[in-house]
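Asks: From the sequence below, what's the structure:
(one chain, ligands or ions: 2)
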Amino acid sequence: MTPANTLALPTGVASVPAASVPDRLSVALSLTAQSEYGVDSSRPPPGRSSPAGSSRASTSTSPRRSPPPTTTTTTTDTADHPAASGSREPLANLATPVPLPSNSRLLSSSSPLPAAPPTVASSHPALARIAESASSLASITPRAASRSAHSLAALSISSQVMTMHPYSFPTERLQRTQVDPQKEPLVLVACGSYSPITYLHLRMFEMAMDWVREDGRFEILAGYFSPVHEAYGKVGLASAAHRVAMCRLAAQASDWLMVDTWEPTRDGYVRTVEVLDHFNQELNGRLGGVELPDGTRRKVRIMLLAGGDLIESFGTPNLWAEADLHRILGEYGCFIIERTGADVWAFLLSHDILYEHRRNVFVVKQLIYNDISSTKVRLFVKRNMSIKYLVPDAVMHHIYAHRLYIGEREPPSAVI
Ligand SMILES: Nc1ncnc2c1ncn2[C@@H]1O[C@H](COP(=O)(O)OP(=O)(O)OP(=O)(O)O)[C@@H](O)[C@H]1O
Ligand SMILES: NC(=O)c1ccc[n+]([C@@H]2O[C@H](COP(=O)(O)O)[C@@H](O)[C@H]2O)c1
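Replies: Numbering: from 1, shown residues only. Ligands and ions are numbered 1, 2, ... in the order given. As a prediction, this is how the structure comes out:
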């Protein structure tokens, strides 16, 4: 086993009969729905973290990221207008803490998203529309018919995977007892847009797991996706309910990854340090840490899992509060997945706060480069190009079923 230094030594549905698809998926997902999304939620949200540092300002933009929120109003996309990002208001400084509201509902009663019984196509106009097109297309093009049939299946499971309320912290894939008490118990949290989630996002966790196994210091208990709040306002951001649903569908194949909906169900944008505080509260506060083989309990280490581009955004003026960065890197720590074309090491050396906390920062080298980007996936959908094998099939069918990203308006520079 090679002890990995922090800075010094990086280590590196197809042709299923249409009628059977809803049943299979529904069974799998209803099991998840029962265990993952249907439990208690009456806890108050964690308190606010300390105020941000002096670098706060009222206006800032990064070329890649949208300016931060001035409003906490939430919206949901409809199936026919999936990417209403153009109508979003400009946002304020992300480094500026805003008051955290108590538990709230993102989907209002006027939400356009379907709340129909999951398998009764005729009772839901969208299902009926897709069923109709599936049967009419069947005699014309088998591929289109197959796509529609899968869309029908995807729509039929939507009400389960899109549900975010009542909130409960998912624990069904959390390892509750440590196997090796010599190692530090670790939970990885990946904050991001996931619009949509891709195979790269799933691979990030697996790459980190390989690094951790090789390094030998940590024992990973679970990994969580935390989809950003809609108020983040980034171009191409689908509604939180859709992004959560896609993350859940993608995580189905994993035995250690889960999707936490605390962040997207707040009343407004949540800073990353607040998300980590929330995990700390859940795992070490409410659950009391992890159990050791001898029955005693121990605190779980929580670390941010992020790509090199996100880390490089630490250098964007007014995007991150200095106080937040000190807490994220000092109290928690960070796994960075090297991104193709980004020199993470040079950035680590150049950024004072990252360098100060370098012993809490672990860079994971991609041994097989993967540069799938959500932006390009959205563009492919818009241009009617294939996204198969870029995202899990269930995610692809969800996108088609809900007509996500079709009317996307991406500035050309965002996709180069
Ligand atoms: N090619 C990549 N290599 C390493 N990390 C990545 C890569 N793409 C995304 N990430 C990381 O995945 C996390 C979630 O990112 P995000 O949802 O913004 O995906 P994205 O593909 O970059 O999206 P978009 O194209 O909309 O900007 C972030 O930590 C980001 O740094
Ligand atoms: N001040 C902050 O806490 C801050 C600033 C910028 C981005 N972020 C987070 O980083 C992630 C960025 O995601 P994208 O790569 O999709 O833009 C999001 O989860 C976002 O909330 C946090």
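Asks: Give me the number of neighbouring residues for the residue nearest to residue 400 when sequence neighbours are not counted.
Replies: Of all residues not flanking residue 400 in the chain, residue 151 sits nearest, at 4.8 Å (Cβ to Cβ, 6 or more residues apart in numbering). All C-beta spots, glycine's among them, are computed from the backbone N, C-alpha and C. Number of residues near residue 151 (other Cβ atoms under 10 Å) recorded here: 25.
Asks: Next, residue 151: phi, psi?
Replies: Torsion angles at residue 151 (phi, psi; degrees, to the nearest 10) stand at phi -60, psi -40.
Asks: and the gap between it and residue 183?
Replies: Relative to residue 183, residue 151 is positioned 45 Å away (Cβ to Cβ, to the nearest Å).
Asks: residues from the stretch 251-400 of the chain in reach of ligand 2?
Replies: By Cβ under 6 Å from any ligand atom, the part of the stretch 251-400 of the chain that sits against ligand 2 consists of 271-272, 310, 313, 319-320, 324.
Asks: Let me see the ranges of the strands in this structure.
Replies: With DSSP state E as the definition, the chain shows strands at residue ranges 184-192, 218-227, 257-259, 290-291, 297-298, 301-307, 334-337, 361-364.
Asks: Low-confidence ranges, the protein, go.
Replies: Per-residue confidence for the chain (pLDDT under 70) gives these ranges: 1-148, 411-416.
Asks: Residues of it that sit close to ligand 1?
Replies: 190, 192-195, 200-201, 204, 236, 306-310, 337, 339, 371, 373-375.
Asks: Buried ones among those residues?
Replies: Neighbour-count burial (16 or more other Cβ atoms under 10 Å) is assigned, among those, to 190, 192-195, 200-201, 204, 236, 306-310, 337, 339, 373-375.
Asks: hang on, isn't residue 391 packed against residue 378?
Replies: No. Here residue 391 does not reach residue 378: they are 10.7 Å apart, not a contact under Cβ atoms under 8 Å.
Asks: shared neighbours, those two?
Replies: Residues touching both residue 391 and residue 378 (Cβ atoms under 8 Å, 6 or more residues apart in numbering): residue 196.
Asks: and the gap between residue 316 and ligand 1?
Replies: Look at residue 316 and ligand 1: by Cβ to the nearest ligand atom, to the nearest Å, they are 13 Å apart.
Asks: burial of that residue, as a residue count?
Replies: For residue 316, the neighbour count with other Cβ under 10 Å is 16.
Asks: contacting residues for the residue lying closest to residue 291 once chain neighbours are set aside?
Replies: Nearest residue to residue 291, sequence neighbours excluded (Cβ to Cβ, 6+ apart): residue 177, at 4.6 Å. Taking Cβ under 8 Å, 6+ apart as the criterion, residue 177 is in contact with 290-293.
Asks: Nearest to ligand 1 among those?
Replies: residue 290 (25.0 Å; Cβ to the nearest ligand atom).
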